[in-house]
Every structure is written in structure tokens, then in C-alpha cells.
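Trainee: Pasting a predicted model and its sequence here:
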Amino acid sequence: MTLRVDLELFVGGDTPLCAEFAASRGDVLLVTGPNGSGKTTLLRALLGLVAPLGGEVRWDAAVWSSGPELLVPSEARCFGYVPQDPTLFPGQSVVENVALGAVFRGLASSPREDVCAEWIEDFGLGPLRNRPAAKLSGGEASRTSLARAFASAPRHLALDEPLAHVAEASRPAIVDAIVRGLQKRDGPHIIMSHHPKWFAKIAPRVLRIENHNLIEDQGRDQSS
Amino acid sequence: MTTTLSTRPSPRRWGRWLPLLTSVPGLMFIALPICALIWLGVSSEAMQALWRPASLQAIRVSLGVASAATLLCAVLGLPIAWWLSRDPQFGARLVRGLAMTPLVMPPVVAGTGLLLTFGRKGILGTQLEAIGLSISFTGLAAILAAAFVSMPLIILSAEAAFRGLSRAHDDVARTLGASAYVRLRHIVIPQLRRPLFAATALCFGRALGEFGATITFAGSFPGRTRTVPLAVYQILQRDQDSAVALSVSLIVVSFLIMILSGRVLRSS
């Protein structure tokens, strides 16, 4: 099972971003690069939320996108997505947000605890379970967003700066929960982050965006 | 840049009160006519005049015409608002200009335009006549006149509502497996309910007050096209009590709309 990516993406300006890589089950890719270099765009293209300029994305025999055409919709790509901004549904509680995947896929008619209890616990959301999403702090909202992505039972995870809104002190616990979660899902997974050192323990493959190209660090250097 | 804009209140006393003091004449200008109407309106003569058949009839016509006009505006205006909100590549500026024109056009001119289009001798007059439809000076004409002048309001506010839709939530919902129908039901409609209600209320309020286009295109026939504003104008000279009572009833309805839309905005 291999994800093959060879994409040209519009990231503003005249030069497109060229991204080429292949990843297999169990791989965790960590993509770094300066702000505005196109990390989020690359992630959204993999998710099928933005049309590429050209190239191809394949998951085994299935062609997800070819040229600018999205052949497999986001709903069918089995990605759990954690956007940079937590993007919770403000009128709903933590549990309701975490259970959305099950509700949307028609597995549960109402938010059921058993669908998401595991992830509520893992991300330390137990005491907050009934709090409306609008009343969460940045870090709490990030944890809810993570739990929601994992609870939707995806094959892959796509995390966009998952630690951006999290205070330094609570990062280790969240990283632990993320690592445990990633190991329960097949992968390959993709994490966009300015903080590669936090994810060193899952030994990710580190890729950098440099001059509109995606380059893999061969030495798996995590010193940055 | 060496100059800075200070938003702190001026330490000088007069500077602090100046904004309020200069606002007083404007506030009086708005408040006095409303107070005069309410002052005269709550008199017992006016209260009795409100229950006269002619007054009740005008209120009935007004509510019916404004409701139908609002419905028509929603059906015709929402697609335009939706289209404009998608930032169309061609014609957006032209269409927006066209859609806004009724807002700045004198209503009498709007009525004349409607007459020249749908009237018996208008450009569509013969065709309409052929299918047995004579619009001018009927209730339908009053509805068209009110809808014509109210359309810009629903287009403007609905476009803002469509633009306010969160793309990010839609994206997340897609990755969570939500189909187009599920996203419409769980994400789009809940987000649009409040602003679209406000847009509709605004449109209804404007339709309720329509005068110029109605009298030009629909005339003032009691029970069919004589809305409250037309009735007020018609009877002001000979029956001030009824005119005042009807005016106050319009103020009350406008207030109710404002309160109702405000309550809906807060509660949902």
C-alpha cells in the first residue's frame, strides 16, 4: 500500500511548488518549511480540498487526482484532518464535536460516547466533555480537533501545525497522545510542523520545502 | 511616520462631550416626528379610528402585499445574491450595479418603469393581455411595485450572508465524511438561518413602507392596492385621527420586526 505523490501546486507568485514523494504504511512524514512556502496547500491538495495545477496522487491502484482534476472526493480519501485553526462547531459540545465523523458517516444518529470515549480520554478531554466548543481555550480546542480527527476512524492522519495553539507545558502529553494515535492507524501520516523535535520519538521522515521544492532529509536529521 | 492617531479620550472636558453635543440636533430631528406621532397616536380618538373598517382594510392589504413581495424577493433575489457571492468572473460589477439601482431610483420612476413594462401599453402588455393577464392597478401590481424597490436589500444582505459561510468548516466536514446533503443540512443551513432571517425582515420592512412605485403602478384602490402608506396620504387632510393611528400602527409593526429579528439573532 503506497501513497505516490507527484504534484505541482499554486502557492502564490509565479513559481509553483513541486512535491514528489512516496510513502508506505506505517510511515510518518514530517514536513517543515518557512511560512507561506505551501505546507498547508500541499496538505489540502492531498486531502482533495484544493485542485493542483498538475501532477498525480495515487493510493495504490487508485488515482486520487490527475492533473487539476480531483477524481476521488475528500470524503472518500480516509484522511483525518486537523487544520491549523481547530475549526470546531461552536454551538456543539466537545463530545458532539468529537463524534461528528460518526454522525456524518451515518454510523450514529446522535453523538454516542462509545464512538469517541477512547479519544476523549487520550486527549485529556474527560472533564471538558460537555463544555460548548465556543468556550474552550486554544489548547483545549486543539485537543478536541485532534480527538475528532482520530475518532473518525481514518486510515491516514493529516495534521497541520497541531501544536500551534498549545502551551509549551502541555505539549509533551499531547505529543504522546498523537504518537499513540498514529500507531493505531495504518498511515502513511503527514504532519506539518515548525517543531520537528517534538515528534522525534516516532522517527518521522523529515521533508523540507526549499525554493519551491520538497526535499527529503536523507540523514533523518531532527536537530532543527 | 511620526504622526500617530490617538483614540484615547481627549483630556479636555469639552472634547469629551463634543461628540455627544454635536449629535443632539440630529437625534432630535429623528426623535421629534416619531414622538409627535406616538403622542397623537395614543389619544383615544386615534385609538378608535384604528378600528374603523377602512383602517383595518389598509392594514390587511399592507401585510398581504408586503408578505407576498418579500416572498417574491426571496425567490428572485437569493439566486442573484448566491451568484454574486461566488465572485463571478464576468458581469459581477454590472449585475451588482443593476441590482442596487432600485435603491437609489426615485420610487415614482420605478413605478413608471413597471407601468411601461407590465402596463396595458407596456412592452409586455399585449403578450400579458393575450393570456388574459392585466396587471396594472391590481393587487399583483402592488406586490410587484413593493418587490421591485425591496429587492436590493435582500440581495445585499443575503450576499453578505453567503460570503460569511465558513469554508474551513465545510472542508473539515468533508474529511469527516459528510456528503453534500449532510453539509447543507448540518453546516450551511444553520449558518444561514439567522442572517437570511434578518435579510428577509429588512426586505419586509422596506416593502411595508412602499409608496411612490405603488401609487404610480398600482393606484390606490381600497381593499386591493390601498396600503397603509397610501391610506395615510389619502386621508390625512380630512381625517387626521385615522392617519395618525395608521402611522403609529406602521411604527409598531416596524418595531416588532426589529425586536423579532433581534430575538431570533440572539437565540439561535
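Mentor: Received, thanks.

Trainee: for chain B, what are the nearby residues on chain A?
Mentor: Counting by CB under 8 Å from any CB of the partner chain, the residues of chain A lying close to chain B are A:44, A:47-49, A:73-75, A:77, A:79-81, A:83, A:85, A:87, A:89, A:91, A:100-101, A:104-105, A:148-149, A:152, A:154, A:158. For the C-beta atoms, the positions are set from N, CA and C on the backbone; glycine is no exception.

Trainee: same thing but 6 Å
Mentor: Proximity of chain A to chain B is confined to A:47, A:49, A:74-75, A:79, A:81, A:87, A:100-101, A:104-105, A:152 under the rule CB under 6 Å from any CB of the partner chain.

Trainee: Contacts only, for residue 122.
Mentor: This is for chain A. Contact analysis of A:D122 by CB atoms under 6 Å, 6 or more residues apart in numbering or on different chains lists A:A177.

Trainee: Not quite, go with chain B.
Mentor: With contacts defined as CB under 6 Å, 6+ apart, the neighbours of B:G122 are B:L116.

Trainee: does it sit in a helix, a strand or a coil?
Mentor: In three-state terms, and counting by DSSP: H, G, I helix; E, B strand; the rest coil, B:G122 is coil.

Trainee: Torsion angles phi and psi at it?
Mentor: According to degrees, to the nearest 10, the main-chain angles of B:G122 amount to phi -80, psi 180.

Trainee: Name the nearest of the residues of chain A next to chain B relative to A:M1.
Mentor: Of all these, the one with the least separation from A:M1 (CB to CB) is A:F79, at 14.4 Å.

Trainee: Which of the helices or strands spans residue 31?
Mentor: This is for chain A. Using DSSP states H and E, A:V31 sits in strand A:28-32.

Trainee: Chain B was what I was after
Mentor: Taking DSSP H and E as the criterion, the element that holds B:A31 is helix B:13-41.

Trainee: For the residue of the stretch 1-150 of chain B at minimum distance from chain A, grab the count of nearby residues.
Mentor: Of all residues in the stretch 1-150 of chain B, B:R86 sits closest to chain A, at 15.8 Å by CB to the nearest CB. Other residues within reach of B:R86, judged by other CB atoms under 10 Å in any protein chain shown, total 11.

Trainee: On the pLDDT front, check it for me.
Mentor: The score at B:R86 is 86. That number is its pLDDT.

Trainee: try the one 3 residues further on
Mentor: Each residue has a pLDDT score; the one for B:Q89 is 83.

Trainee: Give me the number of neighbouring residues for it.
Mentor: Other residues lying near B:Q89 total 6 when counted by other CB under 10 Å.

Trainee: Likewise for A:V179?
Mentor: Counted with other CB under 10 Å, the burial measure for A:V179 works out to 14 neighbours.

Trainee: quick one: it from A:Q92, how far?
Mentor: Using CB to CB, to the nearest Å, we find A:V179 at a distance of 28 Å from A:Q92.

Trainee: Can you pull out the low-pLDDT segments for chain B?
Mentor: Per-residue confidence for chain B (pLDDT under 70) gives these ranges: B:1-12, B:263-268.

Trainee: Can you tell me which residues in it are near chain A?
Mentor: Proximity of chain B to chain A, by CB under 6 Å from any CB, involves residues B:168-169, B:171-172, B:174-178, B:182.

Trainee: can you give me the helices in the stretch 1-150 of chain B?
Mentor: Under the criterion DSSP state H, counting those that start in this stretch, the stretch 1-150 of chain B contains helices at B:13-41, B:44-50, B:53-85, B:92-104, B:107-118, B:125-130, B:139-163.
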